[in-house]
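A.B. asks: I'd like to go over a predicted model; first the sequence, then the structure.
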Amino acid sequence: MEDCIFCKIVSRDIDTPLIYEDDKVVAFNDVNPQAPVHILIIPKIHIASVKETEDKNLLGHMLSAGNQIAEKNGMEDFRYIINTGEKAGQTVFHLHLHLLGGRKMNWPPG
Ligand code: 5GP
Ligand code: ZN
């Protein structure tokens, strides 16, 4: 999708180093990390938010890719986040799964 920063990362118009890539998703470091490890896992196709899809295969695939990335990074404990909608903190409207780790996580989140 035009004017979507994450689509531009997928298309390589923006040259962000990829941590992981397969036929459905890519993963890369968050530009503004909130933890020692902060990786974003995104579908290659443009989907504005998690509530815009019923694709269980893709959603499961994103988590499965996240698990593999976490294991590769030696992360035993970690947190997944999917902010959905502006009031929930979503700022980029291309579905993304945050993978955070490398420090103690607090609960409840802000
Ligand atoms: P959200 O707030 O929508 O859940 O998360 C969007 C995330 O994308 C933020 O953590 C932000 O730091 C990250 N981000 C925004 N633009 C870019 C970018 O151009 N490159 C990378 N690597 N991360 C980005
Ligand atoms: Zn997009």
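C.D. replies: Cool, got the structure. Ligands and ions are numbered 1, 2, ... in the order given.

A.B. asks: Next up, the contacts around A65.
C.D. replies: Contacts of A65 were listed using CB atoms under 8 Å, 6 or more residues apart in numbering, and they are 20, 22, 24-25, 27, 41. No exception for glycine: its C-beta is placed from N, CA and C like everyone else's.

A.B. asks: Tell me if it really is in a strand.
C.D. replies: No. Counting by DSSP: H, G, I helix; E, B strand; the rest coil, A65 falls outside a strand, being helix.

A.B. asks: how far away is it from L18?
C.D. replies: Distance, A65 to L18, by CB to CB, to the nearest Å: 12 Å.

A.B. asks: Then M62?
C.D. replies: The value you get for M62 to L18, if CB to CB is used, is 15 Å.

A.B. asks: between these two, who's got more neighbours?
C.D. replies: A direct count of neighbours by other CB atoms under 10 Å for M62 and L18 places M62 higher, at 23 against 13.

A.B. asks: Indicate whether the helix or strand hosting the more buried one makes contact with ligand 1.
C.D. replies: Assigned by DSSP states H and E, M62 belongs to helix 56-72. No. Using CB under 6 Å from any ligand atom, helix 56-72 stays clear of ligand 1, with a minimum separation of 13.7 Å.
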